[in-house]
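Enquirer: 3D, please:
(one chain, ligands or ions: 1)
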Amino acid sequence: MSNAGERTHSHAAAGMPDEDESPSAIADALLSQLEALGGSRYGGEAVSQLDHALQCATLARSAGAEDALIAAALLHDIGHLVNPKDEGAAAAGIDAAHETIGATYLSRWFGPAVTAPVAQHVAAKRYLCQAEPGYFQTLSEESVRSLALQGGPFTAEEAEAFLAGPHAKAALALRRWDEAAKDPAMETPPLRDFEAVIERTLRTAP
Ligand SMILES: [Fe+2]
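Expert: I've put the predicted structure just below:
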């Protein structure tokens, strides 16, 4: 896993700014990357990755989430985009661990307030399937398929351990927006509306 993470990092990070470059340069590069790679379909969902990211961030902002969680919502699926081995993985029955790859990738620029909800948004799904009656029925077909590859619902013990973690609440909030952010009819602001949020949430932000 760590080898795959490193390879992904070096591949996807080619041409990306270092962590000590200006916040505006980093935010611009991240949004440009999302634009360049996110136009594709989101697995078997009805919206593109870019639409999904924008909808998720818009829902977070409308809910009054703090900046770090809005940034996490926007970037939570970046692990699908920066890993060349991600495409077709689920269809081939492989869990490409996009949440871990994404959090590792983002950790170059962001601290745990952004990376932890990204890393845990799959665990949050596994938690909700165990803890909340009716949640499973809200999952899209693709999400049900990936759930099986991701280990299925948590056991009661696993759910308890997850909930005790410091970022569980943020990860659960992100998960609910994630589920709702697959709506072909939803209106969103332009991506660049979120540039300032990204700048403010960088580890090096003043
Ligand atoms: Fe997502």
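Enquirer: contacting residues around the nearest residue to A168 once chain neighbours are set aside?
Expert: Of all residues beyond its chain neighbours, the one nearest A168 is F162 (5.8 Å), with distances taken as Cβ to Cβ, 6 or more residues apart in numbering. From N, CA and C alone the C-beta is placed, and that goes for glycine too. Contacts here follow Cβ atoms under 8 Å, 6 or more residues apart in numbering; on that basis F162 touches Q120, A123, A124, R126, Y127, F154, A168.
Enquirer: Specify the local secondary structure of F162.
Expert: In terms of secondary structure, F162 is helix; the call rests on DSSP: H, G, I helix; E, B strand; the rest coil.
Enquirer: now do the one 10 residues further on
Expert: The three-state assignment at L172 reads helix, by three-state DSSP.
Enquirer: quick revisit: out of the contacts of F162, the closest to the ion would be?
Expert: Of all the contacts of F162, the ion sits closest to A124, with 10.9 Å by Cβ to the ion.
Enquirer: thought that closest one was touching L174?
Expert: Yes. With contact taken as Cβ atoms under 8 Å, A124 and L174 are classed as touching, separated by 6.9 Å.
Enquirer: Now for these two: what residues contact both?
Expert: Here A124 and L174 share no contacting residue, scored by Cβ under 8 Å, 6+ apart.
Enquirer: Up against the ion, what does the protein have?
Expert: The interface of the chain toward the ion, taken as Cβ under 5 Å from the ion, is made up of D77, D178.
Enquirer: The residue nearest the centre of the chain: what's it in contact with?
Expert: Within the chain, one residue has its C-alpha closest to the average C-alpha position: by Cα atoms, centre = their mean, that is H76, at 1.2 Å. With contact taken as Cβ under 8 Å, 6+ apart, H76 is in contact with A53, C56, E99, G102, P117, V118, H121, L174, D178.
Enquirer: What is the nearest of those to A148?
Expert: Proximity of the contacts of H76 to A148, judged by Cβ to Cβ, is greatest for E99, which lies at 15.7 Å.
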